[in-house]
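Q: sequence and predicted structure, then a few things I'm wondering about:
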Amino acid sequence: MKTCKSCKKEFNENLTFCPFCGAENSDRKLTYIERKKAREKDTELLLSKASIQQEDIDNAKEFDENKIGLEKVQEIKKARLYSILRVAISLIAFISCIICAELTLKGDINANIKLLIIVVAFFAVAFVASIFISDTYTIIALKKIEKGEFVPMKVYFTKGPIVAYNGILYEIKALDKCPSCGEEVHVEEMDGELYCVCNKTRDHIYKVDKNKYIEQVKLKIEQKE
Ligand SMILES: [Zn+2]
Ligand SMILES: [Zn+2]
């Protein structure tokens with residue numbers, strides 16, 4: 001870790017630019033080319049850390065399990081039904097797009113309009129396919145999550161890890177800021193274990209003790225019911 005000359009926050013010693021304030025942290029003044037290369041190197045390093053690395057986990061400190069909370073998402077049954085519906089609708093939309101494009105190509109219309117319809121159909125197909133893929137993934141994940149209680153899993157691309165209890169899905173959230181820098185953190189799951197990762201730099205990574213956390217969460221849910 002090194003400390004930023006400008007904002008005094010800690011970050012990975014292999015980075016040149018501070019992930020918090022963007023300040024250049026170099027021993028000497030860099031030339032335009034050197035700066036450009038340093039930016040590329042930083043991006044490469046950040047990408048290599050886009051998922052949780054073993055070496056980061058080994059050194060990770062513990063995140064206070066009391067600072068982890070739950071937010072009810074919905075019932076598993078409902079979640080599954082919505083996903084099945086979206087998969088069905090996306091299939092119908094996909095076929096409609098293909099038919100529409102086919103008819104356009106065969107039809108006797110102005111070439112520019114033809115091109116426009118094909119382009120629109122292309123983007124529509126891409127959009128529909130993304131819904132199809134993400135909801136198919138959700139259906140599979142829901143099937144797995146139902147089997148084991150409190151096995152955290154990534155179910156939705158836009159949400160944190162999800163656990164199921166008594167047929168209800170809960171999103172796992174961090175209630176506290178990053179202990180190293182005070183920025184927001186988000187929760188990630190890997191091999192059934194939970195980690196809190198800083199939104200500003202993935203060098204700030206914390207383990208969540210699973211057993212302590214599960215105990216705490218069960219208590220919270222039972223109090224609510
Ligand atoms: Zn800084
Ligand atoms: Zn942080």
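A: Perfect, I can see it now. Ligands and ions are numbered 1, 2, ... in the order given.
Q: quick one: distance of the longest helix seen in the chain to the chain centre.
A: Counting residues, the longest helix found in the chain (DSSP state H) is helix 111-147. Put simply, helix 111-147 sits 19 Å off its chain's centre (Cα atoms, centre = their mean, to the nearest Å).
Q: any idea how far A141 lies from I162?
A: For A141, the distance to I162 equals 8 Å [Cβ to Cβ, to the nearest Å]. C-beta: built from backbone N, CA, C; applies to glycine.
Q: residues that sit against both of the two, list them.
A: Counting by Cβ atoms under 8 Å, 6 or more residues apart in numbering, the contacts common to A141 and I162 are 153-155.
Q: okay, now the domains of the protein?
A: Following automatic domain parsing, the chain resolves into domains at 1-48, 75-147.
Q: what about the last one, how long is it end to end?
A: The reference is to domain 75-147. 15 Å (Cα to Cα, to the nearest Å).
Q: what residues does the chain have near ligand 2?
A: 178, 180-181, 183, 198, 204 (Cβ under 5 Å from the ion).
Q: filter these down to the buried ones and express that as a ChimeraX selection.
A: Restricted to buried positions by 16 or more other Cβ atoms under 10 Å, the ChimeraX selection for the residues of the chain next to ligand 2 reads:
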select :178,180,181,198,204
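Q: can you lay out the residues of the chain next to ligand 2 as a markdown table showing pLDDT, distance to ligand 1 and secondary structure?
A: Shown next, in a markdown table, are the residues of the chain next to ligand 2 (pLDDT from 0 to 100; distance: Cβ to the ion, whole Å; DSSP: H, G, I helix; E, B strand; the rest coil):
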| residue | pLDDT | distance to ligand 1 | secondary structure |
| --- | --- | --- | --- |
| C178 | 94 | 14 | coil |
| S180 | 89 | 13 | coil |
| C181 | 90 | 10 | coil |
| E183 | 92 | 12 | coil |
| C198 | 92 | 14 | strand |
| H204 | 90 | 14 | coil |
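Q: closest one of the residues of the chain next to ligand 2 to K67?
A: Proximity of those to K67, judged by Cβ to Cβ, is greatest for C178, which lies at 10.9 Å.
Q: tell me where this protein has helices.
A: 32-48, 54-58, 76-106, 111-147, 210-224.
Q: distance to N14 and mean pLDDT added to the ones you listed, as CSV?
A: Formatted as CSV, those follow (distance: least, Cβ to Cβ, whole Å; pLDDT from 0 to 100):
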stretch, distance to N14, mean pLDDT
helix 32-48, 6, 93
helix 54-58, 13, 84
helix 76-106, 41, 93
helix 111-147, 34, 91
helix 210-224, 30, 82
